[in-house]
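S.K.: From the sequence below, what's the structure:
(2 chains)
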Number of protein chains: 2
Amino acid sequence: MLTRRYPISITEAQAKINNVALPTVTETIPVAEANHRVLAETVTAPFAYPHFRRSGVDGFAIRHADDHDYPHEFKVVGNVPAGATFHQRLGQDEAVRIMTGADVPVDAGVVVMLEKTRDLDDHHINIVVPEKHSNITEIGEEYQAGDVLIEKDTELNPGGLAGLTALGVQRVNVYRQPRVAVITTGSELMAADEPVQEGKIYNSNGILIPELVRENGGIVTSVEQLVDDNDLLQASLQKAIAENDIVITDGGVSVGDFDFIGDTARQADELLFNKIKQRPGSVTTAFVQDQTLVMALSGNPGACYTGFYLYVEPLLRRFVHQATRLQKVTSRLAAPYHKTNGFDRILRATYTVEDGQYATYPNGPDRSGALSNLQTTTCLIKIPHSNQPIALNAEVETWLLPFK
Amino acid sequence: MLTRRYPISITEAQAKINNVALPTVTETIPVAEANHRVLAETVTAPFAYPHFRRSGVDGFAIRHADDHDYPHEFKVVGNVPAGATFHQRLGQDEAVRIMTGADVPVDAGVVVMLEKTRDLDDHHINIVVPEKHSNITEIGEEYQAGDVLIEKDTELNPGGLAGLTALGVQRVNVYRQPRVAVITTGSELMAADEPVQEGKIYNSNGILIPELVRENGGIVTSVEQLVDDNDLLQASLQKAIAENDIVITDGGVSVGDFDFIGDTARQADELLFNKIKQRPGSVTTAFVQDQTLVMALSGNPGACYTGFYLYVEPLLRRFVHQATRLQKVTSRLAAPYHKTNGFDRILRATYTVEDGQYATYPNGPDRSGALSNLQTTTCLIKIPHSNQPIALNAEVETWLLPFK
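M.R.: Predicted structure coming up:
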């Protein structure tokens, strides 16, 4: 019944997942749907930008040759509202009324702000004081045709989408988001709409995992809740592996009679690990089957939460060629913690920062089954394995969590 | 044509927006749709959690009275898989096989891990070494019925949704997200699918604003692109004001012939401001009409971007009772900047942080029309108005931007 497992360190487990080759899959999508997607190709400027000489102010365009001897009277020979053009040449002491953003007549050299002019009659103005600048943005001042707009492997944001749109780019080639199936197992699980029953628990990981996957850039293709039945599990796993990049299972990974994941992992194409020197979640298991990575998280909420951040988040990000969003820092353990453990213990914690120094505080109960601290946890900290309690104010490895 | 405007400081403009009363509107939604929504009511535990005595390990449950004299032989009288119950009393030296998470028999006091036991025959085991802990989570150890699960005004995250789900909470009362209409104006605007034309520009703010609104928690109900026509604008504005909490207009707010927003603002129920001592975006205007706040941003991309973060983001967050996500810090200006201005200048910038000290670098062109730096900007910095250039390494007010 008990099969020996060989535990590895957290760092080794992370490295093993990090060494699994991931496919590079790309797709071309509208710019309007690309916020926070990652470019799979560098995008270059299809034309110079601006593509016409653009007025930076509301006022009057005049020739360089007439830009002297103020106050200076001009005849108004035309009007260029934004979006319009003016193709006549300007004569001596001729001005054209022009709006901010409008196309500057080809032989105008300066646009004088409206505030520096006075109307004389319907067709004449007086320019009272000269401009220091031309107030004209020249063609190509921001980009020449062919210049890089945004580099490959950049996560787009609204500013980037605006830049692409300004240059007429309507579609972008981006990495496809990883497709993730979630399979929660356990005959003790109740669905959210069932009345509470003795011995059973609501399937909280069935919402925790999909929501974490979504906010970290994965597409959740299915969420299943299975009773402890190996045939059911194998059928679900097989389908999930065939249709997804990553499969996350939850529960059934320990050493009990209904822990079918352990056997499945041992028979897989490649078993990455089935024991980590870590609490909670020492039984966290990972394997590769038919090029799909299966992450088998512990069913305990705290272990599941910890396992997601340490092992799954970096994987989701690597799928789209991005680094983890967890920020690794060193912090000072600012509250006492007395337990000792033969394995490294990952505590859910909160932090403060002052002058760049992080102080961390274990966040309530650290039992793997506890879930009252999941909402308020903002970082994970590592209490190294030891037979002596860690000292107050000791430096500890810390992972600051994203989207908190 | 030119109407005098009275400029106020950035701080005053922010305070005026912050003083506008917002309605508190709530709605009840499924927990599964509530990630990053904000609770409008404190949620309490409907029952004690756990609601049954839960085994923390796979193993054998025994009475306290028999927990001595190891190795110790027990008769196995039952089996409690997860999700099941066992209602018999245990006799002397009787054990029940039990799984992690399962309901501990009422008179059992300890669950001994499987690893510390040996099978003797089909009905007998030997417990080799004793447990230090009971390995039982008692009823209500995490929550008593009526305990606070999550406080009002908390932004929910996946951990919180898991906690609510575990306690059988299926629906939550949250603040409704603000409904926002976006109206971009200007005859110079081309839609993304039009061929490029002289004198015209692609409507980049038409994607910038909605995407910024969405990622900061607003619901974009409509995005319009209007030519410069006051009747069209008034009709759109009227409808948008009637149907939304916030209306963002873009362009048409300056002093030119087609700048219809200025007049509309002056005739509104309450004009908050129509000039800010700020560049870019000095003409940024805000007014209240029929209890809807209208933010009129400058059409220049840089000014629009700056205006969104300084004035709109805090408003979207306040609508759901949350503080701005912009983090206000002081930074050292680590690269020279020579321009002077009678108004405060807000520069798009990037930052580094070392030992808690922020260093900021102006991010390329600071012209209001420039948009090549919108993707890479991670903070805004304020160069105070002065007739002397700011010193290198001067301390400057800095806003770190979210979701970058």
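S.K.: the strands in the stretch 1-150 of chain A, which residues?
M.R.: A:26-30, A:43-44, A:54-55, A:59-62, A:72-80, A:94-98, A:110-113, A:117-121, A:124-127, A:136-137, A:148-150 (DSSP state E, counting those that start in this stretch).
S.K.: Report the contact partners of the residue of the stretch 301-404 of chain A found nearest chain B.
M.R.: Going by C-beta to the nearest C-beta, chain B is nearest to A:G356 of the stretch 301-404 of chain A, at 2.4 Å. No exception for glycine: its C-beta is placed from N, CA and C like everyone else's. The neighbourhood of A:G356, defined by C-beta atoms under 8 Å, 6 or more residues apart in numbering or on different chains, consists of B:353-357.
S.K.: List the buried residues of the lengthiest helix in chain A.
M.R.: Counting by DSSP state H, the longest helix found in chain A is helix A:230-243. When neighbours are counted by 16 or more other C-beta atoms under 10 Å in any protein chain shown, the buried residues of helix A:230-243 are found to be A:230, A:233, A:236-237, A:240-241.
S.K.: and that helix, how far out from the chain's middle?
M.R.: Averaging C-alpha positions (C-alpha atoms, centre = their mean, to the nearest Å) puts helix A:230-243 30 Å from its chain's average.
S.K.: cool, stretch A:259-266 as well?
M.R.: Centre to centre, stretch against its chain (C-alpha atoms, centre = their mean), the figure for stretch A:259-266 is 33 Å.
S.K.: Also stretch A:381-394?
M.R.: Relative to the mean C-alpha coordinate of its chain, stretch A:381-394 is positioned 33 Å out (C-alpha atoms, centre = their mean).
S.K.: From start to finish, how long is it in a straight line?
M.R.: Distance between the two ends of stretch A:381-394: 12 Å, counting by C-alpha to C-alpha, to the nearest Å.
S.K.: Show residues contacting it.
M.R.: A:10, A:277, A:331-347, A:349, A:360, A:362, A:396-399.
S.K.: Any regions of the stretch 151-300 of chain A where pLDDT drops low?
M.R.: Within the stretch 151-300 of chain A, the segments meeting pLDDT under 70 span A:255-257.
S.K.: From what I see, A:E224 and A:A191 are in contact.
M.R.: No - between A:E224 and A:A191 no contact is recorded; they are 11.3 Å apart, counting by C-beta atoms under 8 Å.
S.K.: more neighbours, these two?
M.R.: A:E224 (17 against 10; other C-beta atoms under 10 Å in any protein chain shown).
S.K.: Which residues are in contact with that one?
M.R.: A:181-184, A:236, A:240.
S.K.: Could you do A:F60 as well?
M.R.: Taking C-beta under 8 Å, 6+ apart as the definition, contacts of A:F60 comprise A:74, A:76, A:95-98, A:111-112, A:114, A:117, A:125, A:127.
S.K.: same thing but 10 Å
M.R.: By C-beta atoms under 10 Å, 6 or more residues apart in numbering or on different chains, the contact set of A:F60 is A:74, A:76, A:94-98, A:108, A:110-114, A:116-117, A:125, A:127.
S.K.: which ones are touching A:E211?
M.R.: A:220, B:31-32, B:34-36, B:156-162.
S.K.: How about it: what's its closest non-neighbour residue?
M.R.: The shortest distance from A:E211 to any residue that is not its chain neighbour, by C-beta to C-beta, 6 or more residues apart in numbering or on different chains, is 3.7 Å, and that residue is B:P158.
S.K.: Next, count neighbours for that neighbour.
M.R.: Counted by other C-beta under 10 Å, the residues lying close to B:P158 total 24.
S.K.: got the phi/psi numbers for it?
M.R.: phi -50, psi -40 (degrees, to the nearest 10).
S.K.: Wait, it touches A:L374, no?
M.R.: Yes - A contact is recorded between B:P158 and A:L374 when judged using C-beta atoms under 10 Å, the distance being 7.7 Å.
S.K.: Identify the contacts common to those two.
M.R.: By C-beta under 10 Å, 6+ apart, the residues touching both B:P158 and A:L374 are A:208, A:305.
S.K.: how about the residue lying closest to A:S372 once chain neighbours are set aside, what does it touch?
M.R.: Nearest residue to A:S372 in three dimensions, chain neighbours excluded: B:E142, at 5.3 Å (C-beta to C-beta, 6+ apart). If a contact means C-beta under 10 Å, 6+ apart, then B:E142 has A:364-365, A:367, A:369-373, B:45, B:48-50, B:163, B:166-167 as its contacts.
S.K.: Check the gap between B:E142 and B:A48 for me.
M.R.: Computed as C-beta to C-beta, to the nearest Å, the B:E142 to B:A48 distance reads 9 Å.
S.K.: what do those two both touch?
M.R.: Each of B:L167 lies in contact with both B:E142 and B:A48 under the rule C-beta under 10 Å, 6+ apart.
S.K.: what does the stretch 201-350 of chain A have sitting close to chain B?
M.R.: If contact is defined as C-beta under 10 Å from any C-beta of the partner chain, the residues of the stretch 201-350 of chain A in contact with chain B are A:201-216, A:223, A:227-228, A:251-252, A:254-259, A:283, A:298-302, A:304-305, A:308, A:348.
S.K.: Can I have the buried ones of those as a ChimeraX selection?
M.R.: In ChimeraX, a selection of the buried entries from those looks like this (16+ other C-beta under 10 Å):
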select /A:201,202,203,204,205,206,207,208,209,210,211,212,213,214,215,216,223,228,251,252,254,255,256,258,259,283,298,299,300,301,302,304,305,308,348
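S.K.: Identify those among the residues of the stretch 201-350 of chain A next to chain B that sit within helices.
M.R.: Within those, residues falling in helices by DSSP H are A:205-215, A:301-302, A:304-305.
S.K.: So A:S368, which state does it fall into?
M.R.: coil (DSSP: H, G, I helix; E, B strand; the rest coil).
S.K.: Without its sequence neighbours, what residue ends up closest to it?
M.R.: Once its chain neighbours are removed from consideration, A:S368 has its nearest residue in A:P280; the separation is 3.1 Å (C-beta to C-beta, 6+ apart).
S.K.: A:D121 and A:F74 touch, don't they?
M.R.: No - with contact defined as C-beta under 10 Å, A:D121 does not reach A:F74; the gap is 11.9 Å.
S.K.: So what are the sheet partners of the longest strand along chain A and their directions?
M.R.: The residue-count maximum for a strand in chain A (DSSP state E) belongs to strand A:344-354. Strand partners for strand A:344-354, identified by DSSP bridges, are recorded as strand A:278-279 (parallel), strand A:357-362 (antiparallel), strand A:379-383 (antiparallel).
S.K.: Check which element follows the first one along the chain.
M.R.: Where DSSP states H and E defines the elements, the next helix or strand beyond strand A:278-279 is strand A:285-289.
S.K.: relative to helix A:230-243, how tilted is that following strand?
M.R.: Strand A:285-289 runs at 60 degrees relative to helix A:230-243, counting by axes from the mean of the first three to the mean of the last three C-alpha atoms, to 10 degrees.
S.K.: so what strands line up beside strand A:285-289?
M.R.: Strand A:285-289 pairs in its sheet with strand A:270-273 (antiparallel), strand A:292-297 (antiparallel), by DSSP bridges.
S.K.: can you redo these as JSON lines with mean neighbour count?
M.R.: Supplementary listing: the strands paired with strand A:285-289 in JSON lines, determined by neighbours: other C-beta atoms under 10 Å in any protein chain shown:
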{"stretch": "strand A:270-273", "mean neighbour count": "18"}
{"stretch": "strand A:292-297", "mean neighbour count": "25"}
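S.K.: Take those and lay them out in TSV including distance to A:T137.
M.R.: What follows is these, written out as TSV (distance: least, C-beta to C-beta, whole Å):
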stretch	distance to A:T137
strand A:270-273	55
strand A:292-297	50
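S.K.: Which of those sits closest to A:G56?
M.R.: Nearest to A:G56, of all these, is strand A:292-297, at 53.2 Å by C-beta to C-beta.
S.K.: and the closest one, how far from the chain's centre?
M.R.: If you compare the mean C-alpha spot of strand A:292-297 with that of the full chain, they lie 22 Å apart, counting by C-alpha atoms, centre = their mean.
S.K.: All set now, cheers.
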